[in-house]
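S.K.: Mind folding the following:
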Amino acid sequence: MIYRDIEGRVIQENTKTEDRDAARRLLVVRALETMRAKVAAMEAILNEASSVEAPRQDSGSDGTRERAGRVRSGRVLITSGRKAGKGGSK
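M.R.: Okay, the predicted model is just below:
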């Protein structure tokens, strides 16, 4: 199995089984360990930032929170990074 660890390194590990389902479960275990470590690191960063400075509040003219035109009234707009009208699907 091949996966990335918390540091982003590519790890290649022998599952020591020929059972495809058992190997897949082992890969999921490794992936969960990595994800949990990443979440813990992000929470630590968030907690540090919260204790150092007060959260920034940007308000629009109507009093709703707005940041760079992407968040408004609790809704998040997710963009693909492509500009509308450029290119097409192939």
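
S.K.: for the protein, what spans make up the helices?
M.R.: Chain-ordered helices for the chain, with DSSP state H as the definition, fall at 20-52.

S.K.: any weak-confidence spans in it?
M.R.: Low-confidence segments of the chain, defined by pLDDT under 70: 53-90.

S.K.: repeat that with 80
M.R.: Low-confidence segments of the chain, defined by pLDDT under 80, span residues 51-90.

S.K.: mind listing what residue 3 touches?
M.R.: Neighbour list for residue 3: 10, 11, 13, 27, 30, 31, 34 [criterion: CB atoms under 8 Å, 6 or more residues apart in numbering]. Where C-beta positions appear, they are placed from N, C-alpha and C, glycine not excepted.

S.K.: Next one: the last one from residue 50, what distance?
M.R.: This means residue 34. When CB to CB, to the nearest Å is the yardstick, residue 34 and residue 50 sit 25 Å from each other.

S.K.: Pick out whichever of those two has more residues nearby.
M.R.: More crowded of residue 34 and residue 50, by other CB atoms under 10 Å: residue 34, with 17 against 10.

S.K.: list the contacts for that one?
M.R.: Listed by CB under 8 Å, 6+ apart, the contact set of residue 34 reads 3, 4, 5, 6.

S.K.: Any figure for the gap between residue 37 and residue 7?
M.R.: For residue 37, the distance to residue 7 - CB to CB - is 10 Å.

S.K.: quick one, which of those two is more surrounded?
M.R.: residue 37 (13 against 8).
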